[in-house]
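>>> Below: sequence and its predicted model.
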Protein chains: 4
Amino acid sequence: MSKLKVAMIGGGGEGSFFGKVHLRAVGLDGTREVTAGVLRHDPQAAMAAAQAWGIRGFPDLSAMLKAWKKGQVELDYAVVTTPNFAHFAAAKACLEAGLPVLCEKPMTLTVSESEELARLVKKTNLPFVLAHTYTGHPMMMTAKMMVAEGVIGDVRKVESWYNQGWLSTALEKSGQQQASWRTDPKRTGISNCGGDIGTHAFVAATWVSGQAVKKVSARLNRFVPGRMLDDDFNVIGELANGGTAIITATQIAIGYKNDCGFRIFGTTGSLEWHQERAEALIVKNGGADQTFWINGGAGIPRIVSSYQRSPGGHNEDFFEALANLHTTLERKIRKRNGEKGVLEAFPHPGAPEGLAGMKFVKAAVVSSKAKGAWTKV
Amino acid sequence: MSKLKVAMIGGGGEGSFFGKVHLRAVGLDGTREVTAGVLRHDPQAAMAAAQAWGIRGFPDLSAMLKAWKKGQVELDYAVVTTPNFAHFAAAKACLEAGLPVLCEKPMTLTVSESEELARLVKKTNLPFVLAHTYTGHPMMMTAKMMVAEGVIGDVRKVESWYNQGWLSTALEKSGQQQASWRTDPKRTGISNCGGDIGTHAFVAATWVSGQAVKKVSARLNRFVPGRMLDDDFNVIGELANGGTAIITATQIAIGYKNDCGFRIFGTTGSLEWHQERAEALIVKNGGADQTFWINGGAGIPRIVSSYQRSPGGHNEDFFEALANLHTTLERKIRKRNGEKGVLEAFPHPGAPEGLAGMKFVKAAVVSSKAKGAWTKV
Amino acid sequence: MSKLKVAMIGGGGEGSFFGKVHLRAVGLDGTREVTAGVLRHDPQAAMAAAQAWGIRGFPDLSAMLKAWKKGQVELDYAVVTTPNFAHFAAAKACLEAGLPVLCEKPMTLTVSESEELARLVKKTNLPFVLAHTYTGHPMMMTAKMMVAEGVIGDVRKVESWYNQGWLSTALEKSGQQQASWRTDPKRTGISNCGGDIGTHAFVAATWVSGQAVKKVSARLNRFVPGRMLDDDFNVIGELANGGTAIITATQIAIGYKNDCGFRIFGTTGSLEWHQERAEALIVKNGGADQTFWINGGAGIPRIVSSYQRSPGGHNEDFFEALANLHTTLERKIRKRNGEKGVLEAFPHPGAPEGLAGMKFVKAAVVSSKAKGAWTKV
Amino acid sequence: MSKLKVAMIGGGGEGSFFGKVHLRAVGLDGTREVTAGVLRHDPQAAMAAAQAWGIRGFPDLSAMLKAWKKGQVELDYAVVTTPNFAHFAAAKACLEAGLPVLCEKPMTLTVSESEELARLVKKTNLPFVLAHTYTGHPMMMTAKMMVAEGVIGDVRKVESWYNQGWLSTALEKSGQQQASWRTDPKRTGISNCGGDIGTHAFVAATWVSGQAVKKVSARLNRFVPGRMLDDDFNVIGELANGGTAIITATQIAIGYKNDCGFRIFGTTGSLEWHQERAEALIVKNGGADQTFWINGGAGIPRIVSSYQRSPGGHNEDFFEALANLHTTLERKIRKRNGEKGVLEAFPHPGAPEGLAGMKFVKAAVVSSKAKGAWTKV
């Protein structure tokens, strides 16, 4: 089995850290390798970064895709990890050229871009995975399977949240790069907190429960004086089946780092999961609480086990979760290539989920401006 | 020091259990005793119940208060633990007769009754404590003190919740007594879930944070088919200082029993507490997380320590929390009586908090009917 | 049902705190009351303390028992809560007079005293309960029942522990009363840490598992310079069925308060419990971990439920655990009195367990002096 | 910076899983790659496995080292991950040839082999790291630093443990490969449980505390009938400074997977860590408990941070811990090669620790056979 060749688009900047994160996730399994890339926007910087990474560099995406078309470089998929505003153009160009994509979230800057991209994915039928890292956690995957299999009956209510504290002060004024672009409407779009981490809570609520959010009533806050975008994001949503979702995210919760999680209440049971305790999934069905453990324990669905790497009972965490998304894309690509014995790909988020997230954030922004008026997603 | 003599109003029914709970809380410290009561509405039943309890019975409240006025029975305070609809009349009669009251929550059935009662408490200046049991937990008391002392700076956001699962099915149709009256508008008023446990979350949000809720946007649900009152209660509130409160309660969370708690995010730190893990209070100030432990640990305010009974480091829990409210009333009464050396009473909830809770639930009901329109409390 | 009349022996000293603890435990249920006592050794002090407590005082035990025999005072049982060295004489006198006893632990100062007392209990057939408070925790009771019912198969290994930190410095030199007598061989006997808290770990190991410890290899330490008795206690034991027990206790674990607990490994499953998280019992049988919750949850044995008081799902803790031991004695007494409808008494520790604990500590002291040589219990 | 070239010795068998684990750990950071190997003992199988892995195969170690000496293959270090009995010969050959080694634990089969290897490492002065994976967990590294910096004063007592349940039945009779060789004295040596996981607990006790174990009193059990080696391992040890260590390991704890951890009690504070909750380190100094979190939180030593990869506040777990040991070896090698700007290597376990572990297990086996007689390590 030959390694898939992966091109990285973006991720080579000095303040960028997610490029390296994807580099590790690509390399983790020994079945994929980053071999080429357009690591920065500036052509010279892009070439220099590629050299530093020890991969084949290209000055711009167009050049890389042309070279690929001509058979001058071997590529199996691209990772789009540019600043948010550039996701759309990069993903679109790859798809139009016929190259599968693993795209960072948020999928695009605007809803209309996401709609176009979703159409393009559908039209080209190319493998496309959205990098909602937490959905790669085995116990979150297990939760999704359990809901689908009826373990908790019909979903009535979902609570999901993401508490962070890193923007509790005006960090952007200190020149901190992450804080600067995330709180800048030009580079980030209409929502900071909602777009950055509210979407994680949204995905937890909808992807795991299998229920779309149809309409929302929202209250967004800017707690830090002078901040131009929301740093706190609160939504009450109505689910497709009439149920209720409470989706909250905040960046002003001092001392909280990545406290993302969900509770799902169904007609016959409940599920609870916390990203910072990713190894455990709690199921309540009225008897003793049941705690399912990652990796080798009873009750882990076969398809989830097929993603796991550790010796029994050891935790897999952030990098492995992200690598699982690459594995899903890899499985889709290898199957498309006609390889034999390819394992089934998990239904990780793709373009429809990315589009839904964009619409959700937009509806929340609209609703908040309209004093919480219920707004269709 | 003589024991305070306590009269119990209500609590003697067969399906009633809170009467016995108060009996234990009264008796726990050896400084108070239940000696008289009107334990049931029906006069004969009331007398029979009193005999069974081994206390002096009265056929009705009027008779008891008359006897007290005539010096025929010694009383220091009354505990009102009738069904909700009868709280008002009982508490009012006691106060008008000059007898201090510890009143079960919700304080009354309607806002106007609560307003009248609050006025009466103010006018009579009699000791009056509202039985919000969880506020008697030493670490919840500690949290309130810490916020007041500025440990987390200015409050920005409060999240509080109460998850239960006991009404996830139509238990009221099985004849279960608790379920029957709680879901019956005639006996419970305009809200079941909000009034019963949403008020706990409300108190956690406001009493601890020191911030009133000025207006609300709410979504109440009736998840169980045929149910006449809410079994799920979700509110986004605006705090007096402009901050935000997320207050949720549900009775359809299968497997959750009394999962009540709060997170408070301030400008310099955060607090977190869970009723089912009542012994620990977590404080985050940006360094290592700090966990403060009940009873004998560093950082427990002196006034809180003055309420504690256990050998160092042992947990006090439900009964002790409720007994702490009796202790607060006892301290107020003994001070009023001019006893010397009476310790300071903690600012536990009283009539103003009861009134605020009633207004809050009403505003939430109104808002929910108006599709979440922001409604003044 | 009339209240049982309880006499308190000891517990009235100023530095004493366990007298008040028993007072609360006696009074908690409204079915027992402390009405008389010999609260201190000095006759005058004893009478003064009784007056302060508002109970009938006696200058010495002999006087009280004589008065009882003559029908001058009504008594149903005595609580022995004197300093350790006086347990034996007090309990013996009561039993010889025919009065049931709830005796603080350790049962006596020496093994021979315990042997005599155990013989006396057997001979008189009087109700006798040893105040191992933690055995009154409902989930510890549940654990014992589960082992007895074969939930974890045959017991192979038991780990039990008790970590405290309050004697990590030479507190006894500061004049602190508790520290002074506990580290004084004259008042405490041959072991401080082993006798005080090692016995709790021992009871957790043996009472719950149903397995006696036959022989031990021990290492006791005196970590604080100048201390005359052990402040650290480590034992490897052999169980009656050939299994192994690891029993440790320490008073120099800074920051640990009452970290007592156990793990029991059987041929088909495991159990785990922590006193500081008394509300949960974890059972592992190879599938998902199961967490059983106190009070109202699935899987609580009927006899355990019959001891519980709280509204469903609230924790009962230290005082309720101790009160449960009083309830057990109460049930034994009421049954002996021929009362009808008395509920079954739980098999809480009595004289045999007290004797076993004394022998265990003595064997550990002997073994430790003999460099860990295996020593029969 | 060019990638280090890594040779894998062993790890290519079908039942082997640790080869793949190292493969991932080598590849995680993009600065190392497995390029060659002798993946199996049988020459043909070795070549076939290498082809399957896509690396350069050699039929035996001798051939590979010769080729390296002749400059026919580029190598920077070897990973020894053969069955235990073959560690010694492989590591020895590499060292004698001048090739740095990362060696799986246990270092060798016998103490004398370990002594020889430790001498060889000292003599050659070659970088050598022992693969005690858990020592790569950032919070375990932090704990070691804190003890060294005096955060808890002088060490008095250490408790460390490793609870597993996978050998609670006679799994070896079912033909399961892992179980078969681990319980076979010929392939595993004198101890199964002690050698396999007792050494982890030993390293936790000694490496973190900085205290050697001088002598031991042990009780080893074979709980499963017919088993030829210990499946339960209990040791009381005396530390170099006179303190006490309680070191236990078991493989019959049903439901426990990798419950390894430690508590260290010092004269001014305590530390606690659990491998299954690797992200948190608890420090108790008498005030509020402090919980330090992995990655980006306050209090993480600079040298530990230099090993971390995740975006702030995300957990790193098993693979990253193992990769950290590779990073340590990498830093040593790059420094030895004279590269500039190489970060400081953490003092991870090497040959002396491996030798100490071998001696410890042997002494425990001897002591257990001598009924727990204190035995020098």
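Noted; the coordinates are in hand.
>>> Only C-alpha atoms from now on, for both contacts and neighbour counts.
Fine.
>>> Tell me the secondary structure at the residue lying farthest from the centre of chain A.
Most distant residue from the mean C-alpha position of chain A: residue A:287, 34.3 Å away (C-alpha atoms, centre = their mean). Under DSSP: H, G, I helix; E, B strand; the rest coil, residue A:287 falls in the coil class.
>>> Get me the contact residues on chain A for chain D.
When proximity is defined by C-alpha under 8 Å from any C-alpha of the partner chain, chain A lies next to chain D at A:1-2, A:17-18, A:21, A:23-25, A:27-30, A:52, A:54, A:257-258, A:276-277, A:309-319.
>>> in the stretch 1-150 of chain A, what spans have low per-residue confidence?
A:15 (pLDDT under 70).
>>> And the helices in it?
A:18-27, A:43-53, A:61-69, A:87-97, A:111-124, A:138-148 (DSSP state H, counting those that start in this stretch).
>>> just the buried members of the residues of chain A next to chain D?
Among those, those classed as buried by 16 or more other C-alpha atoms under 10 Å in any protein chain shown are A:17-18, A:21, A:23-25, A:27-30, A:54, A:257-258, A:276-277, A:309-310, A:313-319.
>>> can you tell me which of the helices of the stretch 1-150 of chain A comes nearest to residue A:175?
Relative to residue A:175, the nearest member of these by C-alpha to C-alpha is helix A:18-27, separated by 19.0 Å.
>>> what's that closest one in contact with?
By C-alpha atoms under 8 Å, 6 or more residues apart in numbering or on different chains, the list of residues contacting helix A:18-27 from outside reads A:6, A:8, A:10-12, A:32-34, A:79, A:81, A:319-320, A:322-323, A:326, D:24, D:27-30, D:309-311.
>>> Tell me which of the residues you listed fall in strands.
A:6, A:8, A:32-34, A:79 (DSSP state E).
>>> Nearest residue to the middle of chain A?
Centrality entry for chain A: nearest residue to the mean C-alpha point is residue A:132, 1.4 Å, by C-alpha atoms, centre = their mean.
>>> Would you map the strands across the stretch 201-350 of chain A?
For the stretch 201-350 of chain A, the strands defined by DSSP state E, counting those that start in this stretch cover A:213-221, A:232-239, A:244-250, A:259-266, A:270-274, A:280-284, A:289-293.
>>> follow-up on the earlier one: burial count for the closest residue to the residue nearest to the centre of chain A other than its chain neighbours?
Distances taken as C-alpha to C-alpha, 6 or more residues apart in numbering or on different chains put residue A:105 closest to residue A:132, at 6.6 Å, once the chain neighbours are dropped. Taking other C-alpha atoms under 10 Å in any protein chain shown as the neighbour definition, residue A:105 ends up with a count of 25.
>>> So residue A:105 sits against residue A:354, correct?
Yes. Here residue A:105 reaches residue A:354: they are 7.4 Å apart, a contact under C-alpha atoms under 8 Å.
>>> Break chain A into its domains for me.
Chain A resolves into domains spanning A:4-126, A:138-309+A:355-376 when parsed by automatic domain parsing.
>>> and residue A:355, how many neighbours does it have?
Using other C-alpha under 10 Å, residue A:355 has 22 other residues around it.
>>> State the helix or strand in which it lies.
Secondary structure assigned from DSSP states H and E places residue A:355 in helix A:351-369.
>>> other SSEs contacting that helix?
helix A:111-124, strand A:128-130, helix A:199-209, strand A:213-221, strand A:375-376 (3 or more C-alpha pairs under 8 Å, 6 or more residues apart in numbering or on different chains; DSSP states H and E).
>>> Of the ones you listed, which is nearest chain B?
Ranking the helices and strands packed on helix A:351-369 by proximity to chain B (C-alpha to the nearest C-alpha) places strand A:213-221 first, at 7.6 Å.
>>> For that closest one, name the packing helices and strands.
Counting by 3+ C-alpha pairs under 8 Å, 6+ apart, strand A:213-221 packs on strand A:232-239, helix A:351-369, strand A:375-376.
>>> In TSV: the ones you listed, plus distance to residue C:203.
Output for the helices and strands packed on strand A:213-221, formatted as TSV (distance: least, C-alpha to C-alpha, whole Å):
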stretch	distance to residue C:203
strand A:232-239	51
helix A:351-369	56
strand A:375-376	62
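>>> near chain B, which residues of the stretch 201-350 of chain A show up?
A:217, A:219, A:223, A:236, A:252-256, A:265-270, A:284-287, A:289.
>>> need the contact list for the closest residue to chain D within the stretch 151-300 of chain A.
Ranked by C-alpha to the nearest C-alpha, the top residue of the stretch 151-300 of chain A for proximity to chain D is residue A:257, at 5.2 Å. Applying C-alpha under 8 Å, 6+ apart, we find residue A:257 in contact with A:163-166, D:312-314.
>>> With residue A:170 instead?
Shown in contact with residue A:170 (C-alpha under 8 Å, 6+ apart): A:224-227.
>>> And for residue A:162?
Residue A:162 is in contact with A:197-198, A:200-201, A:248-250, A:258-261, counting by C-alpha under 8 Å, 6+ apart.
>>> What residues are bridge-paired with it?
On the basis of DSSP bridges, residue A:162 is bridged to residue A:249, residue A:260.
>>> Against residue A:42, how distant is it?
34 Å (C-alpha to C-alpha, to the nearest Å).
>>> near chain C, which residues of chain A show up?
A:286-293, A:297-299.
>>> rerun at 7 Å
Residues of chain A found near chain C (C-alpha under 7 Å from any C-alpha of the partner chain) are A:287-292, A:297-298.
>>> per-residue confidence for residue A:190?
Note on residue A:190: pLDDT of 93.
>>> does it sit in a helix or strand, and which one?
Assigned by DSSP H and E, residue A:190 belongs to no helix or strand.
>>> Quick check: the gap between it and residue A:116.
From residue A:190 to residue A:116 the distance is 19 Å (C-alpha to C-alpha).
>>> quick one, which of those two is more surrounded?
Neighbour totals were compared for residue A:190 and residue A:116, and residue A:190 leads with 21 against 16 (other C-alpha under 10 Å).
>>> Ramachandran coordinates for the more buried one?
phi -90, psi -10 (degrees, to the nearest 10).
>>> and the gap between it and residue D:96?
Distance from residue A:190 to residue D:96, by C-alpha to C-alpha: 64 Å.
>>> ok, now residue A:31?
For residue A:31, the distance to residue D:96 - C-alpha to C-alpha - is 33 Å.
>>> So for residue A:220, what's the nearest residue that isn't a sequence neighbour?
residue A:233 (4.6 Å).
>>> Burial check on residue A:113, number of neighbours?
Residues near residue A:113, counting by other C-alpha under 10 Å, number 18.
>>> give me every residue that touches it.
Contact partners of residue A:113, counting by C-alpha atoms under 7 Å, 6 or more residues apart in numbering or on different chains, are residue A:88.
>>> ditto for residue A:270
Applying C-alpha under 7 Å, 6+ apart to residue A:270 gives the contacts A:152, A:264, A:283-285, B:253-255.
>>> and if we set it to 8 Å?
Counting by C-alpha under 8 Å, 6+ apart, residue A:270 touches A:152, A:263-264, A:283-285, B:253-255.
>>> Just send those back as JSON lines, with pLDDT too.
Formatted as JSON lines, the contacts of residue A:270 follow (pLDDT from 0 to 100):
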{"residue": "A:152", "pLDDT": "98"}
{"residue": "A:263", "pLDDT": "98"}
{"residue": "A:264", "pLDDT": "98"}
{"residue": "A:283", "pLDDT": "97"}
{"residue": "A:284", "pLDDT": "96"}
{"residue": "A:285", "pLDDT": "92"}
{"residue": "B:253", "pLDDT": "97"}
{"residue": "B:254", "pLDDT": "96"}
{"residue": "B:255", "pLDDT": "93"}
